[in-house]
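Engineer: Predicted model and sequence follow; I will ask about them next.
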Amino acid sequence: MKYKYIAILLVSISMNGFTQNNELDKLINSERKNWKHKQEFNPTPYSNTNDLFYHRIHWHIDPQYKYISGSVTSYFKILKNNVAQMHFDLTEPLIVDSVMHKTGKLSFTHTNSIIEIQLPNTLNTNDIDSLTVHYHGSPPGSSGFGSFVISEHDQTPILWTLSEPYGAKEWWPCKQNLFDKIDSLDIMVTVPSGNKVGSNGVLVSEKLTGDLSTFHWKHRHPIASYLIAIAVTNYAEFKHYADIGGGKQVEILNYFYPEQFDQNKKAAEYTIDVMKLFSDLFIPYPFADEKYGHAQFGWGGGMEHQTMSFMGSFSKNLIAHELAHQWFGNHVTCGSWEDIWINEGFATYLTGISQEHLAPSGLFGWKTDIIDNHLIRMNSGSVFCDDTSSVGRIFNSALSYSKAAFVLHMLRTQIGDTAFFNGCKMMLNNKETSAKFARTPQVQAYFEVAGDTNLTDFFNQWIYGQGYPNYIIQWDQAIDQTISFNLIQYTTHESVSCYKMYVPILFIGDEKEILVRFHQTKAKQTFLFNPDFKVNEIVFDPEYDILAPHPAIVTLAINENETGNELKVYPNPAKNKLIVQCEKHKVIDELKIISAEGKKVYQMTNTNKQKKHTIDISTFKNGVYFIKASVNNKEVVRRFIKN
């Protein structure tokens, strides 16, 4: 449906304000698990004394056994004067055999998941040095989503790692934080022959020595420690290439289970279209000089390991989601787990964009999916993560994924396509965040510059605030065709009193229609508007661009009469039970409940002259309702919200 668009600030009359199984759901649920325990992590005291810029890693692994041995050589640049120690994160079940330096063995302690290493001499700003940690043991693999896991496919062993958010230290000595990316990486993994190893970057070599094979992967882009990963099993290999413009082609390397090779090969072809789409909309694939790839692994969802996503399946949405992370999550990484929405919100939104461009499912696809299936879980809790000790809170599907994605879409509709995509490109290209980390205030600043606007209200409402708005619309058209239009908003959480934003309304006549964007700045506002034709119907937010329940239009002139205390209605909002009570010396003669659509959904005549009534509203649909009661022959109107 094509509309004539009009964006105007209409005449505003001041009034008293009033103080699931679907594809996206499957994707989100597959990407998270509920964890009853909390994982606490704080960077080591010496994390900010150095810039870790290179790792050379050697690992010996057999996918039949939950065991690892090897060494990690780390090169670092000192950032402060008088540095006498280096710290690395490593859980105690793993045993440190030695720490080697060019001068010989170094003394160290290994307690509280920290390797504290005494340097042979004190280092100062800009000094460069290196050391090697040799270690072995059985990784606990207990935090986050598994860390270091042994499983099977078709009775064949597979080993895979997944370190997000706090699991890297559970299988290798690292600097586990979100402020120092490793600039360059070489990974050598020795495994029993017959296996392949998937990892980050480019496969430099595969050498067979007796019954062992060593795979050498080289990565020359900055990478966060949690994005370093390996997967080992008897993979079958398939390559194809994506043309991303400018004469550039990207190799897409796929490691599939042999028993699922044919079906996955066909499904993975979708990657080519998505990579071209994202490269056109944002910037060319950030790791085009190396590769992109997939490694199948034994988990229900996917994980966006840099340049090679680990995939539990190959649905179109999962392919798009993990590929989107290569831009948002890998090239630009959240600077704290508080900012996880920067990773997951963007990836989920880009999944919706790919659906709209390449695989539409219904008129509005993912937007109606979120409103219909996820909205109720957004009554409380902010997109900005307020508890990073809880893995379940970090990866809350309703907040970090669905709401964050929809908020990005609303931002786009509020500031326009040009400003939105320019803001995204600024984040991806700016030297402060490109190939580095980004915090929420930085993201806000990029969009403010791109849109030449102030987004403080928007971010306070939608990123830091909680809940969402409910809308009631009342309208009437005069003989001269002027429409008096009441836009009423009730929020589900006290942290936001009013979502100040443009609200699109479609006015439909016999042969004409016009879409108007009303700029609402108060919880209750009246606008005057003349469309120059007789309006038969109006539709709230016809393209589902606002994260809110989509009500029918209220045509009844129902208004609360707030004077007097004849009637109390509580709790409000209510869930299952609603209490209606009149004051002393008065009784309710009759009571009706009317829906926002103007339909009577409940009626009661008080023959017993009770003053307090408990009404079962458990079967009512969520939304706004009006109570019209006769109290001592006086009509009293109150409204309540059913959540």
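Structural biologist: Now that the structure is in, tell me what you want to look at.

Engineer: where are the low-confidence patches of the protein?
Structural biologist: 1-43, 45, 142-144, 360-364, 552-564, 596-598, 607 (pLDDT under 70).

Engineer: mind checking the longest helix of it?
Structural biologist: Using DSSP state H, we find that the single longest helix of the chain is helix 340-358.

Engineer: Format the CA atom coordinates belonging to that one as PDB.
Structural biologist: The C-alpha coordinates for helix 340-358 follow below in PDB (Å, rounded to 0.1, in the frame of the first residue of the first chain):
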ATOM      1  CA  ILE A 340      25.200  -5.800  24.900                       C
ATOM      2  CA  TRP A 341      22.300  -4.300  23.000                       C
ATOM      3  CA  ILE A 342      24.900  -2.800  20.600                       C
ATOM      4  CA  ASN A 343      25.800  -6.400  19.600                       C
ATOM      5  CA  GLU A 344      22.500  -8.200  19.800                       C
ATOM      6  CA  GLY A 345      20.100  -5.300  19.000                       C
ATOM      7  CA  PHE A 346      21.900  -4.400  15.800                       C
ATOM      8  CA  ALA A 347      22.200  -8.100  14.800                       C
ATOM      9  CA  THR A 348      18.500  -8.700  15.400                       C
ATOM     10  CA  TYR A 349      17.500  -5.600  13.600                       C
ATOM     11  CA  LEU A 350      19.700  -6.500  10.600                       C
ATOM     12  CA  THR A 351      18.000  -9.900  10.600                       C
ATOM     13  CA  GLY A 352      14.700  -8.100  10.200                       C
ATOM     14  CA  ILE A 353      16.200  -5.900   7.400                       C
ATOM     15  CA  SER A 354      17.400  -9.000   5.600                       C
ATOM     16  CA  GLN A 355      14.000 -10.500   5.900                       C
ATOM     17  CA  GLU A 356      12.300  -7.500   4.500                       C
ATOM     18  CA  HIS A 357      14.800  -7.300   1.500                       C
ATOM     19  CA  LEU A 358      15.500 -11.000   0.800                       C
END
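
Engineer: Identify the residues contacting whichever strand or helix holds V443?
Structural biologist: Per DSSP states H and E, V443 falls inside helix 440-451. Applying Cβ atoms under 8 Å, 6 or more residues apart in numbering, the contact partners of helix 440-451 are 335, 338-339, 341-342, 384, 411, 415-416, 419-420, 422-424, 426-427, 430, 432-433, 454-456, 459, 463. Where C-beta positions appear, they are placed from N, C-alpha and C, glycine not excepted.

Engineer: Mind checking which of those are buried?
Structural biologist: Among these, those scoring as buried are 335, 338-339, 341-342, 384, 411, 415, 419-420, 422-424, 426-427, 430, 433, 455, 459, 463 (criterion: 16 or more other Cβ atoms under 10 Å).

Engineer: Any buried residues in stretch 369-384, and which?
Structural biologist: Those would be 369-371, 373-375, 378, 381-384, for stretch 369-384 by 16+ other Cβ under 10 Å.

Engineer: repeat for stretch 163-174
Structural biologist: For stretch 163-174, by 16+ other Cβ under 10 Å, it's 163-174.

Engineer: for stretch 284-291, same thing?
Structural biologist: 284-288, 290-291.

Engineer: Including distance to S107 and secondary structure, could those residues go into TSV?
Structural biologist: Formatted as TSV, those follow (distance: Cβ to Cβ, whole Å; DSSP: H, G, I helix; E, B strand; the rest coil):
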residue	distance to S107	secondary structure
P284	48	coil
Y285	45	coil
P286	41	coil
F287	39	coil
A288	45	coil
E290	38	coil
K291	41	coil
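
Engineer: just those residues now: which is nearest E494?
Structural biologist: P286 (41.3 Å; Cβ to Cβ).

Engineer: Could you find the closest non-adjacent residue to the closest one?
Structural biologist: H331 (4.0 Å; Cβ to Cβ, 6 or more residues apart in numbering).

Engineer: isn't the one you found right next to A435, touching?
Structural biologist: Yes - H331 is in contact with A435 according to Cβ atoms under 8 Å; the separation is 6.0 Å.

Engineer: Give me the common contacts of the two.
Structural biologist: Shared contacts of H331 and A435 (Cβ under 8 Å, 6+ apart): P286.

Engineer: neighbour count winner among the two?
Structural biologist: Per other Cβ atoms under 10 Å, whichever of H331 and A435 has more neighbours is H331, with 24 against 16.

Engineer: how close does the residue nearest to P286 get to I187?
Structural biologist: Using Cβ to Cβ, to the nearest Å, H331 is found at 20 Å from I187.

Engineer: Kindly report the same for S147.
Structural biologist: On the measure of Cβ to Cβ, S147 and I187 end up 17 Å apart.

Engineer: Likewise for P549?
Structural biologist: The value you get for P549 to I187, if Cβ to Cβ is used, is 50 Å.

Engineer: for Y67, same thing?
Structural biologist: 18 Å.

Engineer: Could you check which of the two is surrounded by more residues?
Structural biologist: Neighbour totals were compared for Y67 and I187, and I187 leads with 24 against 15 (other Cβ under 10 Å).
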